[in-house]
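Trainee: quick one, structure for this:
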Amino acid sequence: MIIKVDKLAKEIKNNIISTKDKNLKLVSVALDPDSATLAYLRSQEKLSRKLNINHELKIVSSKVELIKAIENLNNDETVNGIFLSQPLPFEPYEVLQYIDPKKDIEGITPYNLGNLIYGKSYFKPCTADSVVRILNNFTNLDGKNVTIIGRSVIVGLPVSIMLSNKENNATVTICHSHTKDLKNITLNSDIIVVATGIPEFLKKDMVRENSIIIDVGINVKNGYIVGDVEPDVKNIAYVTEVPGGVGEITSLILFENLTKTKL
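Mentor: Below you'll find the predicted structure:
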């Protein structure tokens, strides 16, 4: 059973079109991007054109250049949003701290992530926000038992904060590589959010019938894009699609955040 995001995607697109300034500009910065990263950045540029938003790609070859580029973009009044392409060959914090929080449309600077705890963040992490919006669009989260597999700073941890806040009131368990008896935990979950980066990690025997599964993974297996959830899981549970699903909504939220820089 597939969780469709078409209606939600349309709502966000309409919101972008109705509120955006004609002169919005997004600059994506990448450090020696590989072919997969370049493919994503091209898709980002394509979506920019569809939404009539100016997009520029800046490629650098060192951490020093990357920081300098970010500082220049912070001071450029024609630039509304900065997108930092990841993964990076070092701890992202070393660079993220330099991004102006007002141009951090990904919502992943220390400033914006810190404010998330207080429920005061202007920009929420796009992928985490995508997960929460899809869930709210599909079910009532109040009192639901949610298991999050993965504790990354930009997905697992912020999703746990957002789902357990007073707006959603879910009961959240965070699991990771050191979690014992993971299967027992997932079988007792109403909702599972999988963000491991491991192809088809979540198996059918780990999921109970009619549960809700949010697949955050984007992996390449045998030349195909697959998620973190085994295909058979959709035969007994509700699952988001990969590609599509979380990724599609995440991309739109990025541009929705860009419109907020002009408000």
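Trainee: so which residues of this protein form helices?
Mentor: Using DSSP state H, the helices of the chain run over 6-19, 35-50, 63-74, 93-96, 110-117, 126-138, 156-164, 182-187, 245-260.
Trainee: out of these, nearest to residue 85?
Mentor: Residue 85 sits nearest to helix 35-50 of all these, at 5.7 Å, using Cβ to Cβ. Where you see a C-beta, it was placed from the backbone N, CA and C, and this is true even at glycine.
Trainee: output the contacting helices and strands for the closest one.
Mentor: Under the contact criterion of 3 or more Cβ pairs under 8 Å, 6 or more residues apart in numbering; DSSP states H and E, helix 35-50 touches strand 25-31, strand 54-60, helix 245-260.
Trainee: nearest to residue 151, of these?
Mentor: helix 245-260 (16.9 Å).
Trainee: just give me how far the closest one sits from the chain centre.
Mentor: For helix 245-260, the distance between its averaged C-alpha position and the chain's averaged C-alpha position is 8 Å (Cα atoms, centre = their mean, to the nearest Å).
Trainee: quick one: list the elements packing against it.
Mentor: Using 3+ Cβ pairs under 8 Å, 6+ apart as the contact criterion, the secondary-structure elements in contact with helix 245-260 are helix 6-19, helix 35-50, strand 81-84, helix 126-138, strand 212-215.
Trainee: let's have those in a markdown table, adding mean pLDDT.
Mentor: Compiled in a markdown table, these are given as follows (pLDDT from 0 to 100):
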| stretch | mean pLDDT |
| --- | --- |
| helix 6-19 | 91 |
| helix 35-50 | 86 |
| strand 81-84 | 96 |
| helix 126-138 | 97 |
| strand 212-215 | 98 |
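Trainee: about what we covered before: tabulate the helices and strands packed on helix 35-50 (JSON lines), appending mean neighbour count and mean pLDDT.
Mentor: Below are those laid out as JSON lines (neighbours: other Cβ atoms under 10 Å; pLDDT from 0 to 100):
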{"stretch": "strand 25-31", "mean neighbour count": "21", "mean pLDDT": "95"}
{"stretch": "strand 54-60", "mean neighbour count": "16", "mean pLDDT": "94"}
{"stretch": "helix 245-260", "mean neighbour count": "23", "mean pLDDT": "94"}
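Trainee: show me the shaky parts of the stretch 51-200 of the chain.
Mentor: By pLDDT under 70, the stretch 51-200 of the chain has no low-scoring segment.
Trainee: need the helices and strands packed on helix 35-50 in CSV with distance to residue 95, can you?
Mentor: Rendered in CSV, the data for those read as follows (distance: least, Cβ to Cβ, whole Å):
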stretch, distance to residue 95
strand 25-31, 9
strand 54-60, 11
helix 245-260, 18
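Trainee: what's the closest of those to residue 147?
Mentor: When these are ranked by proximity to residue 147, the top entry is helix 245-260, at 16.2 Å, counting by Cβ to Cβ.
Trainee: residue contacts, the closest residue to residue 137 other than its chain neighbours?
Mentor: Spatially, and ignoring its direct neighbours in sequence, residue 137 is nearest to residue 8 (4.9 Å; Cβ to Cβ, 6 or more residues apart in numbering). Shown here is residue 8, whose contacts under the criterion Cβ atoms under 8 Å, 6 or more residues apart in numbering are 133-134, 137, 249.
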